[in-house]
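> quick check, what structure comes out for this input:
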Amino acid sequence: MILTIALIGMAVIAALGLRGRRGTHDLAEWTVGGRNFGKSATWFLQAGEGFTTFTFLGVANRTFIGGATATYAIPYIPLSYIGVYFLGPRLWRLAKENEYLTQADYFADRYRSPLFGKLVALIGVVFLLPYLQLQITGLGTIVQLVTGSRSSGNWSMAIATGLMVAFVLWSGIRGIASTAYLKDALMILAMVVLVIAVPAHFAGGVGDMFHEIRRSAPQLLTVPLNDGPAGSNWWISGVLISAIGSAFFTLPHLWPPLLASRDEQVIRSNNTWLPLYQVVIILPIIVGFTGLLAKFHGYHVPPGGVLLWLAGESLPKWMIGVIAVAAAAAAMVPAAAISLGISSLVARNLIPLRGERARLALNHGTVIVVAGLTLLLAVHRPSALADLLLLTFSGLAQTAPAFLAALGDRRWLDKYPAMAGLLSGIAVVAWAEIGKHAAALHNISSGIVGLVVNLAVCVVAQTLWTMIRKRTAPGATAPAETGVRAAEK
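Below is the predicted model:
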């Protein structure tokens, strides 16, 4: 019964996505929808980034393992909306004037360097692949947990991926927008039901649950002030790097929703109120604390599927089916946005073919290949991209300095110093995450440390580059002072 409801829900999600298509497609229409999305469509496209499989699996699991440390997931998205409110309109104007479709378009144009654009596109594709696999693997895990069948999880991944590819190819960003409405409605419904039913079943209510946690393990209600793996260093730096990543548009798949906006007022209006939307993230944290209480009472709660196990113990099967549909939507819609982000980088920047039809064919072929590859890895080698996933957020955050340096009328960095800083920051993140050196950094986010190195390299390299340019071209003005449109010699 649960699997049947989940499969029907997936089909409904895909049907809504397929209905989103309007008119004929070129790459611009497919990627940014003619730049005419109003407040509601843009709202749900942006807000949807906060509701992924991480909401169902990660937040409650983190609470179950570390208590209040999971609260880092609450403030960073509202903080990032402050940056989007102030920077988004400027970026939207530049994108409309210069016809940007991707993050890499911005870097190629503002630094007058196709090479820089290709570098950013390559980094984006490589680091988004594991994030895409996470969504697909998460969906399979969710279905497996609610049905108790591994084969059901694998079949669900395959079906959901196929349906997602179908509506993305047919409708592009309009299809994603059409499904985002249903996804958010289901997510909010599921979380409200869970936060009422689960604490009531195990503790008599939310208040009683927290009173018992305070009596039994009060240390779980605070973040320890230390440099341990779940201490204050980790919490503060985790909030900062996550906020920086979203506020400064470092994730390539966040660009199309912004560029699709009708005008600057849409961006400002939505980002005024979107922080309130993220209150929903508190709900899986409450459910995670209920899992801790259930553990104290002797229940064998699986640490990798706390929320869904608690749902199975508290709700009727038909409602668990609805929860599974919400979880499927939380995987399919973000996966669609990530696929769009990856394919547009390939077709627009990495392999820019001549002719609109050829570019669109390459774009669609990339969606199929990328989705198929990540599905195969999710089924047969679910941990194959695990190390790269560690780099996704901290690594992509290294594009922030170069992004900010070129956003104004005056560009503060030349292309080579900016690229040197970017690569240096990514190298630091790779050393810390893949090399397992987090303890050497006192559990400060590797992304923050990488940004410090990134900025230092940018400053030193820019100073040296300016000195070299002055010596080789006496009387010439430093390129960082000539404006973005100045030709580089």
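> for Ile244, give me its contacts.
Counting by C-beta atoms under 8 Å, 6 or more residues apart in numbering, Ile244 makes contact with 80, 250, 397, 400, 447, 451. Just so you know, the C-beta spots here come from the backbone N, C-alpha and C atoms, and that holds for glycine as well.
> at 6 Å what do you get?
Going by C-beta atoms under 6 Å, 6 or more residues apart in numbering, Ile244 touches 397, 400.
> tally of neighbours for the closest residue to Phe167 other than its chain neighbours?
Setting aside the residues directly before and after it, Phe167 is nearest to Gly17 in space (C-beta to C-beta, 6 or more residues apart in numbering), at 2.8 Å. When counting by other C-beta atoms under 10 Å, one arrives at 29 neighbours for Gly17.
> just checking, Gly17 touches Leu169?
No. Judged on C-beta atoms under 6 Å, Gly17 makes no contact with Leu169 at a distance of 10.0 Å.
> the helix or strand containing Lys470: which residues count as buried?
Using DSSP states H and E, Lys470 sits in helix 446-472. Buried positions in helix 446-472, judged by neighbour count with 16 or more other C-beta atoms under 10 Å: 446-451, 453-454, 457-458, 461-462, 465-466, 469.
> what's the closest of those residues to Trp235?
Proximity of those to Trp235 (C-beta to C-beta) peaks at Ile448, which lies at 12.3 Å.
> what is the neighbour count of Leu276?
When neighbours are defined as other C-beta under 10 Å, Leu276 has 10 of them.
> wait, a helix at it?
Yes. According to DSSP: H, G, I helix; E, B strand; the rest coil, Leu276 belongs to a helix.
> offset the numbering so it begins at 578, please.
Yes, from this point I'll number from 578; that puts the last item at Leu853.
> mind checking how far it is from Leu604?
Distance from Leu853 to Leu604, counting by C-beta to C-beta, to the nearest Å: 35 Å.
> check Arg596 too.
To Leu604, Arg596 is 21 Å away according to C-beta to C-beta.
> okay, the two: which has more neighbours?
Under the criterion of other C-beta under 10 Å, the comparison of Arg596 against Leu604 puts Leu604 first, with 21 against 15.
> the helices in the stretch 928-1066 of the chain, which residues?
Along the stretch 928-1066 of the chain, counting by DSSP state H, counting those that start in this stretch, helices occupy 933-957, 963-973, 977-982, 992-1010, 1023-1049.
> least reliable of these by average pLDDT, please.
If you rank the helices of the stretch 928-1066 of the chain by mean pLDDT, helix 963-973 sits at the bottom with a mean of 78.
> does Trp607 touch Trp747 like I think?
No. With contact defined as C-beta under 6 Å, Trp607 does not reach Trp747; the gap is 9.7 Å.
> could you dump the helices of the stretch 928-1066 of the chain to a markdown table with distance to Pro834?
What follows is the helices of the stretch 928-1066 of the chain, written out as a markdown table (distance: least, C-beta to C-beta, whole Å):
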| stretch | distance to Pro834 |
| --- | --- |
| helix 933-957 | 17 |
| helix 963-973 | 16 |
| helix 977-982 | 17 |
| helix 992-1010 | 24 |
| helix 1023-1049 | 23 |
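> for Phe631, which of those is the nearest?
With C-beta to C-beta as the measure, helix 963-973 is the member of the helices of the stretch 928-1066 of the chain nearest Phe631 (11.2 Å).
> can you tell me the helix or strand for Pro707?
Assigned by DSSP H and E, Pro707 falls within helix 691-724.
> between helix 933-957 and that helix, find me the angle.
40 degrees (axes from the mean of the first three to the mean of the last three C-alpha atoms, to 10 degrees).
> I'd say Thr951 and Leu711 touch.
No. Counting by C-beta under 6 Å, Thr951 stays clear of Leu711, with 9.1 Å between them.
> find residues that contact each of these two.
Counting by C-beta under 6 Å, 6+ apart, Thr951 and Leu711 have no contacts in common.
> circling back: quick one, what contacts the residue nearest to Phe744?
By C-beta under 6 Å, 6+ apart, the residues touching Gly594 are 744, 748, 752, 755-756.
> and Gly660, by the same measure?
Contact partners of Gly660, counting by C-beta under 6 Å, 6+ apart, are Ala824.
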